[in-house]
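Asker: Sharing a model that was predicted from the sequence below.
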Amino acid sequence: MVTDALAGLVEVALKAAVADGALSSESFPGPHFERPKRAEHGDWATSIALVVARGGANPRAVAAALVERLPPSDLVERVEVAGPGFLNFHLSSKWLHDVVQRAADPASGFGRSSEGSGRHVNLEYVSANPTGPMNVVSGRHAAVGDALAGLLEATGHKVTREFLINDAGRQLDLFAQSVAARYLQHFRVMAELPEDGYQGDYLIEVAEQIANEIGDGLVQSPSAEREKTLGDLALQRMLDSMKASLERFGSRFDVWFSERKMHDSGAVSAVIERLRDGGFIEERDKALWFRSSQFGDDKDRVVVRSNGATTYLTADIAYLIDKAGRGYDHLIYLWGADHHGTVPRMMAATQALGLIKEQVEIRLIQNVSLLREGVTVKASKRAGEVVALDELVDEVGSDAARYTFLTRSMDAPLEFDIELAKQEGPDNPVYYVQYAHARICSILKKAAEQGFLTGTSPLDPVGHPSEEQLMRKLSSYEETVLLAAQARAPQRLTRYLEELASSFSAYYRDCRVISEERALSQARLTLCLATKRVIADGLGLLLVSAPESM
RNA sequence: GCCCCCGUAGCUCAGGGGAUAGAGCACACGCCUCCGGAGCGUGGGGCGCAGGUUCGAAUCCUGCCGGGGGCACCA
C-alpha cells in the first residue's frame, strides 16, 4: 500500500535530519500513517513528529525539519505541517487515478494483500450441537466466521474452515434417549423423555421418519441397543439438516471434525498421559485434575471424573492437540459468549502442551436477539424461543440475514430488526449497497449499448468534488480490508460499503455519466466500473451477493 | 462474591492513542423535464461517573455505578 512508500520517504527525512544535526540521534519507531477524518488534512497523516519530539523538542519544528528533508516523489503533491505537529500528506492526482484504475481492473488484485504471507489459519466456528436445528445464533456465528475467513484469505492467509461435531458425551446420550422415547411413543408404547431431555417437536418428526424407514423392530430391543441405533440414525439426520441449513445460508466448511472419532481412537485418553508426562496431573478425591492454575486459571480442572469419565475439557484438549499436529500456523476458535469461563483453562492447556500462546486465539461472539414488530425476543435456548436459521432465511433472505449479522462488532450483542432486514428499500443497508451495484450495472449496460468502451479509460477529465470524494473512498478499500482482517472486525467492511454506496449516490446525483463529452464519459464509466468491482468484491468477501439487477 | 462483554444522539450501533466524535432509524424542513426517486440534501441533539498514564484519551489503567452473560467431578 501507499503508506509503505510514504513511510519510506519519512524515514529518509528522519535519517537526513539526524545526519545534519537537526535531530538528536535516537532510534525512532517506524512512522505510522492514518487517514485524517477531515479532507483538508490530506490523504494520509503521520504523527511521527509528535513522537520524535517527546524528548522536549518543539514538535512543529521537528515536523518542519522533516518536510524540508523529504525526498521528492510523484505520489505526493504537497506536505503540510498542521495542528500540534502532524505531517499532512496531500497525494497527487496521479496516485489517485492509479488507485482507481487498479480498482477497475479485475486482474490487479486490488483489495488483496500479502500481509498473511501464506500463513495457514484454522478457523473453527459454529460447531453447534447436532441435537437440534440450526438457530439464529448459529447463523451469526456462521456469518462472522465466513466473513473472517474471506478477510483472512484476502490478506494472504490460507484458511481451513472447520466445524466440530459434538457427537459424543452426555448431551448426545440425552439426545439418543429422547429419540428412543419418541420412537416408542410413535408405536403407542408408553415412554417418557428423560429428565433434561430434548423437548422439541422436531424430534417427534425425526423419530417418525426413522420409524417409517426401519419399522417397529427396535421396540422389543434392549433399551441400550435401541438408544444406540436410534441415536445414531437421528444424529445423521440432524447433521444432514444442519448442513442443508448452512448450505442454504451459503456456508461451506472444509473439515467436519467428529468428536466421537477422537474418543474412539484413544486420542482423548492420550491427553491424560501427555499432561501427566508434563507433571500437570494430580489425583484428588479419586478424580484426575489438570493443574491449570499454574498457567493463570482460577483453579485446577477435572479431566477424569471419579466415575472414570473424561470431561468436556479433556476432549477440548485432545482436539487442540489434533489441530496443533496438523501444521497450522494459527488457530482461531469462535465460541459463544457463554463459553467465556472455559477460555482460561484452554489457554492453560495451550501452555501446558508447549504451544505458543499467541498462536491460539479464542474469540467470543455475543448473543442475538430478534426485534419483531417492536418486540424484542431473546434468542436463547433457555428462554425456549429458539428461532431456526431456516425460518430467518425464509423471512428475510440469506443476503439480508448475513449482512445484518455483520453490521456489528462480535463483542456486542446484536439486535436483529426483522422488519428492517426484510425491507426492500434504502433504509435497509444491504439493499442500499446492492442497489448501488445494480444501478451501476444498468448504467454500464446502457453505455455499452451506446457504443462506449467497456474497459478502463484515462481519468484525467474528472475533477468534480463528488468525483474526488468517490475516488478517495475507493482508494481506502485496501486498508479497510486489511484492518478488518487484523481486527477481526467484519463490521468495518459493511460500514465501508455503505459509505462507498453513499459516495456513489452523491456522484451519480452530481455527475452525469453518459453525455456528449466522450472522454469525460469514458472517465466516468471507469469510475463506475471501479465502484462496481469494489462493491462486488467487498460483498463477495462477506458471501453476500451483488445482483446485476434488482 | 469472582470472571468476561457492554455503557457513545430519542433508538440500534460504528469509531486502529490524535486534529471540529460518525452512520442508519426516528423527528423537522426541503429536492422529481434527468443515465434505476428502490434516490438525494439540510437541521437539532451524545462519549455512565471519578481519578490516573500521555504532548494528546470515547479509545489504555484503577475504582465506582448500571445492563447482559458465565462461574459443576454439566456440555
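Answerer: That came through, no problem. Residues are numbered from 1 along each chain as shown, chains lettered A, B, ... in the order given.
Asker: Which residues of the stretch 201-350 of chain A lie near RNA strand B?
Answerer: A:284-287, A:298, A:302, A:305-307, A:309, A:311-312, A:337-342 (C-beta under 7 Å from any atom of the strand). Heads up, the C-betas are built off the backbone N, CA and C, glycines and all.
Asker: What residues of stretch A:534-542 count as buried?
Answerer: Buried residues in stretch A:534-542, defined by neighbour count with 16 or more other C-beta atoms under 10 Å: A:534-539, A:541-542.
Asker: Revised request: answer the last question for stretch A:504-521.
Answerer: Buried residues in stretch A:504-521, counting neighbours by 16+ other C-beta under 10 Å, are found at A:504-505, A:507-508, A:511, A:513-514, A:520-521.
Asker: The helix or strand where residue A:504 lies - what's its average pLDDT?
Answerer: Using DSSP states H and E, residue A:504 sits in helix A:491-510. Averaged over helix A:491-510, pLDDT sits at 92.
Asker: quick one: it to chain centroid distance?
Answerer: Distance, stretch centre to chain centre, for helix A:491-510: 21 Å (C-alpha atoms, centre = their mean, to the nearest Å).
Asker: longest single helix anywhere in chain A?
Answerer: Selection of the longest helix in chain A by residue count, based on DSSP state H, yields helix A:223-249.
Asker: nearest residue to the residue of the stretch 151-300 of chain A found nearest RNA strand B other than its sequence neighbours?
Answerer: In the stretch 151-300 of chain A, no residue comes nearer to RNA strand B than residue A:285, which is 2.8 Å away by C-beta to the nearest atom of the strand. Counting by C-beta to C-beta, 6 or more residues apart in numbering, residue A:306 is the residue found nearest to residue A:285 once chain neighbours are left out, at 6.4 Å.
Asker: Kindly report the same for residue A:522.
Answerer: residue A:457 (3.6 Å).
Asker: Next one, pLDDT for that neighbour please.
Answerer: For residue A:457, pLDDT reads 94.
Asker: Low-confidence stretches in chain A?
Answerer: A:55, A:378-386 (pLDDT under 70).
Asker: I'd like the secondary structure assignment at whichever residue of it sits closest to RNA strand B, please.
Answerer: Going by C-beta to the nearest atom of the strand, RNA strand B is nearest to residue A:426 of chain A, at 1.4 Å. In three-state terms, and counting by DSSP: H, G, I helix; E, B strand; the rest coil, residue A:426 is coil.
Asker: Return the residues in contact with it.
Answerer: Taking C-beta atoms under 8 Å, 6 or more residues apart in numbering, we find residue A:426 in contact with A:432, A:435.
Asker: redo that, cut-off 7 Å
Answerer: residue A:432 (C-beta atoms under 7 Å, 6 or more residues apart in numbering).
Asker: coming back round to it: the buried residues of stretch A:534-542 in helices, which ones?
Answerer: Using DSSP H, the subset of those located in helices is A:534-539, A:541.
Asker: can you redo the buried residues of stretch A:534-542 as a markdown table with distance to RNA strand B?
Answerer: Converted to a markdown table, the buried residues of stretch A:534-542 look like this (distance: C-beta to the nearest atom of the strand, whole Å):
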| residue | distance to RNA strand B |
| --- | --- |
| A:534 | 17 |
| A:535 | 13 |
| A:536 | 14 |
| A:537 | 19 |
| A:538 | 14 |
| A:539 | 15 |
| A:541 | 16 |
| A:542 | 15 |
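Asker: Looking at these, which is nearest residue A:2?
Answerer: Checking these against residue A:2 with C-beta to C-beta, the nearest one is residue A:534 at 16.4 Å.
Asker: I'd like to know how far the closest one sits from residue A:108.
Answerer: Noted for residue A:534: a distance of 11 Å to residue A:108, by C-beta to C-beta, to the nearest Å.
Asker: The buried residues of stretch A:534-542 into CSV, with extra columns for distance to residue A:28?
Answerer: Below are the buried residues of stretch A:534-542 laid out as CSV (distance: C-beta to C-beta, whole Å):
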residue, distance to residue A:28
A:534, 35
A:535, 39
A:536, 41
A:537, 36
A:538, 35
A:539, 40
A:541, 35
A:542, 38
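Asker: okay, now the domains of chain A?
Answerer: A:2-91, A:368-422, A:426-541 (automatic domain parsing).
Asker: gap between the two ends of the first one?
Answerer: Translated: domain A:2-91. Domain A:2-91 has an end-to-end distance of 10 Å (criterion: C-alpha to C-alpha, to the nearest Å).
Asker: does that domain come close to RNA strand B?
Answerer: Yes - Domain A:2-91 is in contact with RNA strand B by C-beta under 7 Å from any atom of the strand, via A:33-38, A:41-42, A:45, A:47, A:50-51, A:54, A:59, A:82-84, A:86, A:88.
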